[in-house]
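1. coords below, sequence missing:
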């Protein structure tokens, strides 16, 4: 019997679900001191989005900055001519962020910002955006990205989105599974698919326009691709047996997946234009799954128990002999590759506890990043400096993130649902 499901409009936000709340649980000791002056505006009413508040929250929640408290701000400049750098140096702040917002005759908003090095009295970055009201929050994230990069030398990832699965109980006690997306700060939470059947393995396309996922809505596992903007979707795989773990190639033209249509769970690659399949692994006595691509698109890494326990292997996308990559611990699974191809993150098991770890591919050096022991589904940020993952506190599933060096830890909590299986989008243009 077909199990019903509901495709939910992207503009619909579940009223019963709260925004993901970011809590920094451990920050870096070398946080950069920064003064962020609230942006000025020349309107009788404030803009519909508090741009400064969004920027400040992004920078604070990154764990990399120590923002001056509003009460410590000694003046409120909005252009360089109003800045007295010697005053700001007395507060021992390294950076000064100022800006202003003007409403244009067209109804759009002109958002200008400038970031200064207080000691050199030089502008580090500055820009002006002309956008409609609906894009103000997105512009705030873009500004935060530029401030972050100018002061840290690393790309920011505030202009990204998260995909994840939420589960909740209805009034009748039935489970509901919801594929959701949100901004990187948990705002603008939207539902893509809501079902009474299990949804698994959301994965962003390289252009950030589509999601692939696994749904059991028709009584078996099936792989779908769905447009984030329109909601239109296609069913990509409904073979006999297992259809699971979809993973986009870097060019978005192919999809790696796990199928058991010939009896054993193996890695296949499908060409999306014609849906032609190529079998990659041939290991009749093992389960091969959780493939992910290296940035060059020539190789994939995957989880296999061919050695007796789950470990991670690498193989050419065209097939051939697989090379084992992990040797520490009795369980390594669910790999993801950093955007530069240098590092791999994974679930690392030790004596029945599961942690997020990172391994340098060239040397094999492994570092365990988390301590809780109930962690799963790691996903690199587009810049590779943070790793998003799912964990449990008590019986509640939630999302968390850790920096790739282990120095920064943060938790994204939501009061009404259990959250799992996150995936971090590419940076949006």
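-> Alright, I've got the coordinates. Here the structure is a predicted model, which is why all the values come from computation and not from measurement. Residues are numbered from 1 along each chain as shown.

2. For the residue lying farthest from the centre of the chain, which three-state class applies?
-> Outermost residue of the chain with respect to the C-alpha centroid, by CA atoms, centre = their mean, is residue 86; its distance is 39.7 Å. Here residue 86 is helix, with the state taken from DSSP: H, G, I helix; E, B strand; the rest coil.

3. show me where the stretch 101-250 of the chain has strands.
-> Along the stretch 101-250 of the chain, counting by DSSP state E, counting those that start in this stretch, strands occupy 109-117, 122-131, 161-169, 175-183, 190-195, 199-204, 210-215, 222-227, 233-237, 243-248.

4. Which residues does the shortest one contact?
-> Translated: strand 233-237. For strand 233-237, the external contacting residues (CB atoms under 8 Å, 6 or more residues apart in numbering) are 7, 212, 222-227, 243, 246, 255, 257, 259, 270, 272, 275. (Each C-beta comes from the backbone N, C-alpha and C, glycine too.)

5. What's the mean pLDDT across that strand?
-> Mean pLDDT, computed over strand 233-237, is 97.

6. With the fourth one instead?
-> This predicted structure assigns strand 175-183 an average pLDDT of 94.

7. same for it, what does it pack against?
-> Helices and strands touching strand 175-183, by 3 or more CB pairs under 8 Å, 6 or more residues apart in numbering; DSSP states H and E, are strand 161-169, strand 190-195, strand 199-204, strand 210-215.

8. avg pLDDT for stretch 109-121?
-> What stretch 109-121 shows for mean pLDDT is 97.

9. For it, buried residues please.
-> 109, 111-116, 118 (16 or more other CB atoms under 10 Å).

10. where does that stretch sit relative to the chain's centre, distance-wise?
-> Taking the mean of its C-alpha atoms, stretch 109-121 sits 28 Å from the chain's own mean (CA atoms, centre = their mean, to the nearest Å).

11. got it, and stretch 235-253?
-> Using CA atoms, centre = their mean, the offset of stretch 235-253 from its chain centre is 20 Å.

12. re the thing from before, out of the helices and strands packed on strand 175-183, which is closest to residue 292?
-> Closest to residue 292 of the helices and strands packed on strand 175-183 is strand 199-204 (CB to CB; 9.1 Å).

13. Who are the packing partners of the closest one?
-> For strand 199-204, the packing partners by 3+ CB pairs under 8 Å, 6+ apart are strand 161-169, strand 175-183, strand 210-215, strand 243-248, strand 418-424.

14. ok, residues contacting the second one?
-> Surrounding strand 175-183, the residues in contact under the criterion CB under 8 Å, 6+ apart are 8, 14, 19-20, 137, 141, 160-170, 188-199, 202, 211, 213, 228, 417, 425.

15. filter these to the buried ones?
-> Using 16+ other CB under 10 Å as the burial test, those include 8, 14, 19-20, 137, 141, 160-166, 168, 189-195, 197, 199, 202, 211, 213, 228, 417, 425 as buried.

16. The closest residue to residue 148 other than its chain neighbours: how many residues sit nearby?
-> Excluding its sequence neighbours, the residue lying closest to residue 148 (CB to CB, 6 or more residues apart in numbering) is residue 156, at 3.5 Å. When neighbours are counted by other CB atoms under 10 Å, residue 156 registers 28.

17. follow-up on the earlier one: now distance to residue 403 too, for the helices and strands packed on strand 199-204, in TSV please.
-> Formatted as TSV, the helices and strands packed on strand 199-204 follow (distance: least, CB to CB, whole Å):
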stretch	distance to residue 403
strand 161-169	17
strand 175-183	20
strand 210-215	26
strand 243-248	24
strand 418-424	14
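
18. Which one of the ones you listed lies nearest to residue 370?
-> strand 418-424 (14.1 Å).

19. re earlier: might you report the residue contacts of the residue nearest to residue 148?
-> Shown in contact with residue 156 (CB under 8 Å, 6+ apart): 58, 62, 144-149, 383.

20. Which one (most neighbours) among those residues?
-> Busiest of those [other CB under 10 Å] is residue 144, holding 29 neighbours.

21. give me phi/psi at the residue nearest to that one when sequence neighbours are not counted?
-> Spatial nearest neighbour of residue 144, excluding adjacent residues (CB to CB, 6+ apart): residue 58 at 3.7 Å. As for residue 58, its main-chain torsions (degrees, to the nearest 10) stand at phi -60, psi -50.

22. wait, which of the helices and strands packed on strand 175-183 is closest to residue 408?
-> Closest among the helices and strands packed on strand 175-183, once you apply CB to CB, is strand 161-169, at 17.0 Å.

23. Relative to the whole chain's centre, how far out is the closest one?
-> Put simply, strand 161-169 sits 13 Å off its chain's centre (CA atoms, centre = their mean).

24. quick one: strands adjacent to it?
-> When pairing is defined by DSSP bridges, strand 161-169 lines up against strand 175-183 (antiparallel), strand 418-424 (antiparallel).

25. Count the residues that sit near residue 158.
-> Other residues within reach of residue 158, judged by other CB under 10 Å, total 25.

26. Other residues contacting the helix ranked longest in the chain?
-> In the chain, assigned by DSSP state H, the helix with the most residues is helix 136-152. Outside of helix 136-152, the residues that reach it under the criterion CB under 8 Å, 6+ apart are 32, 34, 47-49, 51-52, 54-55, 58-59, 62, 64-65, 94-95, 97, 99, 109, 111, 113, 115, 124-125, 127, 129, 131, 154-159, 183-185, 187-188, 427-428.
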